[in-house]
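Peer 1: Next input, structure requested:
(chains A and B)
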Protein chains: 2
Amino acid sequence: MLKFDEVDYRTNLNAQIDAIADGKKIADEISQQGFSNIFFVAVGGTIAMMMHFGEIAKQYTKIPVYVEHAAEIVLTGHSQLNKDSIVIMGSKSGDTKETVAAAKWMQERGIRVVSMVIDPKSPLGSQSNWCIPLKVFKGVEYEYLNMFGVFYGLLANNGDFPRFDDFAAQLKAHLADGLVAAQTRFDARAAEIAKKYHTSPYMMWLGEGELWGEVYLFTMCILEEMQWLRTKSVKSSEFFHGTLELVEKDMPVFLVKSVGAYRCIDDRAERFLKDHTDELVVVDIKDYQIDGIDEEFAPLVSPLLSTALLNGRLSKHFEANTGHDLDMRRYYRQFDY
Amino acid sequence: MLKFDEVDYRTNLNAQIDAIADGKKIADEISQQGFSNIFFVAVGGTIAMMMHFGEIAKQYTKIPVYVEHAAEIVLTGHSQLNKDSIVIMGSKSGDTKETVAAAKWMQERGIRVVSMVIDPKSPLGSQSNWCIPLKVFKGVEYEYLNMFGVFYGLLANNGDFPRFDDFAAQLKAHLADGLVAAQTRFDARAAEIAKKYHTSPYMMWLGEGELWGEVYLFTMCILEEMQWLRTKSVKSSEFFHGTLELVEKDMPVFLVKSVGAYRCIDDRAERFLKDHTDELVVVDIKDYQIDGIDEEFAPLVSPLLSTALLNGRLSKHFEANTGHDLDMRRYYRQFDY
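Peer 2: Predicted coordinates:
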């Protein structure tokens, strides 16, 4: 497969799965200390992947969970944020300006911070009470896995996720095989999709619930930032309240179908779209379920599958077709602004 | 001014301002009964305007406030939602499918619902414990005002908004004059903007904090739904983490500048955009502040000003230029889907 080193991928994934135990230890310490609520705080691609946990929390735990923007929270605080809160942050580079400032803001107020970083000595790492080790810079699946230990660990300790150990064991036994298989199966289709749509002046992308953050991330942080392609992302539920009027027979619309409780909303969007555009592309995560991982864990694993297909495969094929290097930026981190 | 009946507008606005007292009475009953948190639940344009109150809550009150989608919440519930919650809903037509279903879902579980409706006998009204009267179908300023009584009333009763009476009195004395003056002053500029951009194949729109819902609403529910124009809306804070890479000298970018704590984020976006596009349009709500309304209330009034300028003026001029009737739909409510 294009730009895919399977040995490397499996090694890194398994290292990140092993690190779930480190995250769980942090969760145990936090549970021991006590806490009242959880704030996820970051920007861009990191806040996008955190949205997944915000959705899961609504269904799994009575612990109040908030997902807030680092640039905003330092200006106003948040009425539910206090010394009993736990703030989970993340920055792969460890030096994202807004996130580092937010961590510092938390530290000054005695609010505990757990951070996903590659380098614990980075500016973010050094403003954190705990660091969760991120093994690899590229690949959002590592980021989700990174937060599994602390997030599901806190839920488990609260009695909300009793099968934590089974979940971790099934990931260890089957996730790498599953993600490699999914990408292998999707790769030819990704090549076709990219070939067909890489010159589109505009693409509409829909997703919902546990996968909304994925759609938000792939459109904004990959297609826009890394390919300079124009997109509109909209939740499948909200599509019906405005954006649907843009649909025409030749409008490329992408639907990333979820596997949990909100799937019926995606189904409704799919039914509508099948009738009104000839350019509908459905990426159905249900088609890529992983043998050996229980169905009850499917919504929890779904963003890893989604990111493996979209960021792992589709973005590489867009790059190959556009000739636009995914690492090229004209503005982002090129100068101060 | 184009499609503007000042006498009618003032009469309706003042009737809606008078109805703040009705909302306050509902708040008093609810406070008397007791409640643990507030859920705003709706879809589309209504959930968009509710986002404003979600932002205000973070700054003004310890009462936990959630903004959730009607189509989602009936599928999973929400771990913080229970019989002690107060659910604020709204549907101008009173028959929005998802919202009516959500109200029914709440009623079946004994959860109290307060709804913004024109007709209390509508399907939504008849599934609600209280109805807050909405005076007019068109005009989002009436919707914000509609919720002021119950929302700020609940905050006032909780000790979080002691100047409730002053706020209501200032609205009564000055809001109509202020909104008419703002529209009068903006109208010629709205005409110019619409003339220049009504054929743009794509427009980028930025906003933040208390005005993010406004930008979300105007792009999705007006430009997309009512004018079939393609947009990308993005929070000013998030613009820096992906969407900025799309900016080129000839890219139309609209920035709706807020007046509260997040204004510095809009300032940052403005500085960047001034350097990188020749087609930047800034609608600065600070330029339209209302004499007689205290500065501390400016963020609370800002979405009314924003909607008066954007929906009240700019949409009418887009319509005049495109020749596309704002009431024309090809799909929405034209058939079952």
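Peer 1: For the helix ranked longest in chain A, name the packing helices and strands.
Peer 2: When chain A is parsed with DSSP state H, its longest helix is helix A:176-197. Packing partners of helix A:176-197 (3 or more C-beta pairs under 8 Å, 6 or more residues apart in numbering or on different chains; DSSP states H and E): helix A:6-18, strand A:280-284, helix A:298-307, helix A:315-322. Where you see a C-beta, it was placed from the backbone N, CA and C, and this is true even at glycine.
Peer 1: Show me what the helix or strand that it is followed by pairs with in its sheet, parallel or antiparallel.
Peer 2: Going down the chain from helix A:176-197, the next helix or strand is strand A:203-207, by DSSP states H and E. Within its sheet, and counting by DSSP bridges, strand A:203-207 is paired with strand A:231-235 (parallel), strand A:253-257 (parallel).
Peer 1: which strands and helices sit next to the next helix or strand after the first one?
Peer 2: Translated: strand A:231-235. Remark: after strand A:231-235, the chain's next helix or strand is helix A:236-239, criterion DSSP H and E. Under the contact criterion of 3+ C-beta pairs under 8 Å, 6+ apart, helix A:236-239 touches strand A:203-207, helix A:263-276.
Peer 1: so does the last one get close to chain B?
Peer 2: Yes: contact of helix A:263-276 with chain B (C-beta under 8 Å from any C-beta of the partner chain) involves A:Cys264, A:Ile265, A:Arg268, A:Arg271, A:Phe272, A:Asp275, A:His276.
Peer 1: Kindly report the same for stretch A:214-224.
Peer 2: Yes: judged by C-beta under 8 Å from any C-beta, stretch A:214-224 comes into contact with chain B through A:Met220, A:Cys221, A:Glu224.
Peer 1: Can you give me the end-to-end span of that stretch?
Peer 2: Its first and final residues considered, stretch A:214-224 spans 14 Å by C-alpha to C-alpha, to the nearest Å.
Peer 1: to the chain's geometric centre, what's the distance from that stretch?
Peer 2: 10 Å (C-alpha atoms, centre = their mean, to the nearest Å).
Peer 1: Taking the centroid of chain A, which residue is nearest it?
Peer 2: A:Met49 (2.6 Å; C-alpha atoms, centre = their mean).
Peer 1: can you tell me how far that one sits from A:Leu246?
Peer 2: For A:Met49, the distance to A:Leu246 (C-beta to C-beta, to the nearest Å) stands at 27 Å.
Peer 1: what residues does the stretch 1-150 of chain A put near chain B?
Peer 2: Residues of the stretch 1-150 of chain A lying near chain B (C-beta under 8 Å from any C-beta): A:43-45, A:47, A:57-64, A:69, A:71-72, A:75-80, A:98.
Peer 1: Determine which residue belonging to the stretch 151-300 of chain A approaches chain B most closely.
Peer 2: For the stretch 151-300 of chain A, the residue closest to chain B is A:His241, as judged by C-beta to the nearest C-beta, at 2.8 Å.
Peer 1: tell me the SS of that residue?
Peer 2: Three-state assignment for A:His241 (DSSP: H, G, I helix; E, B strand; the rest coil): coil.
Peer 1: For the residue nearest to it when sequence neighbours are not counted, give me its contacts.
Peer 2: Excluding the flanking residues, the one nearest A:His241 by C-beta to C-beta, 6 or more residues apart in numbering or on different chains is B:Gly44, at 2.8 Å. If a contact means C-beta atoms under 8 Å, 6 or more residues apart in numbering or on different chains, then B:Gly44 has A:Glu238, A:Phe240, A:His241, A:Gly242, B:Thr96, B:Met220, B:Cys221 as its contacts.
Peer 1: Could you check how far the fourth one is from B:Cys131?
Peer 2: By that I understand A:Gly242. A:Gly242 is 25 Å from B:Cys131, by C-beta to C-beta.
Peer 1: Can you pick out the residue with more neighbours from those two?
Peer 2: Remark: of A:Gly242 and B:Cys131, A:Gly242 carries more neighbours, 25 against 22, as counted by other C-beta atoms under 10 Å in any protein chain shown.
Peer 1: okay, that one: pLDDT?
Peer 2: On pLDDT, A:Gly242 comes in at 96.
Peer 1: OK, contacts around it?
Peer 2: B:Gly44, B:Gly45, B:Met220, B:Cys221, B:Glu224, B:Glu225.
Peer 1: What values do phi and psi take at it?
Peer 2: With angles defined as degrees, to the nearest 10, A:Gly242 shows backbone torsions of phi 160, psi -60.
Peer 1: out of the contacts of A:Gly242, who's nearest A:Glu214?
Peer 2: Of all these, A:Glu214 sits closest to B:Met220, with 20.0 Å by C-beta to C-beta.
Peer 1: Which residue, neighbours along the chain excluded, lies closest to the closest one?
Peer 2: Closest to B:Met220 by C-beta to C-beta, 6+ apart is A:Gly242, at 3.6 Å.
Peer 1: B:Met50 versus that neighbour, what's the distance?
Peer 2: On the measure of C-beta to C-beta, A:Gly242 and B:Met50 end up 15 Å apart.
Peer 1: what's the closest non-adjacent residue to A:Ala48?
Peer 2: Nearest one to A:Ala48, counting by C-beta to C-beta, 6+ apart, is A:Leu217 at 3.7 Å.
Peer 1: wait, that neighbour sits on A:Gly45?
Peer 2: Yes: the criterion here is C-beta atoms under 8 Å, and A:Leu217 meets it with A:Gly45 at 5.3 Å.
Peer 1: between those two, who's got more neighbours?
Peer 2: More crowded of A:Leu217 and A:Gly45, by other C-beta under 10 Å: A:Leu217, with 29 against 25.
Peer 1: ok, then the element right after the host helix or strand of that one?
Peer 2: Using DSSP H and E, A:Leu217 maps to helix A:212-217. Next along the chain after helix A:212-217, taking DSSP H and E as the criterion, comes helix A:225-227.
Peer 1: For that following helix, name the packing helices and strands.
Peer 2: helix A:315-322.
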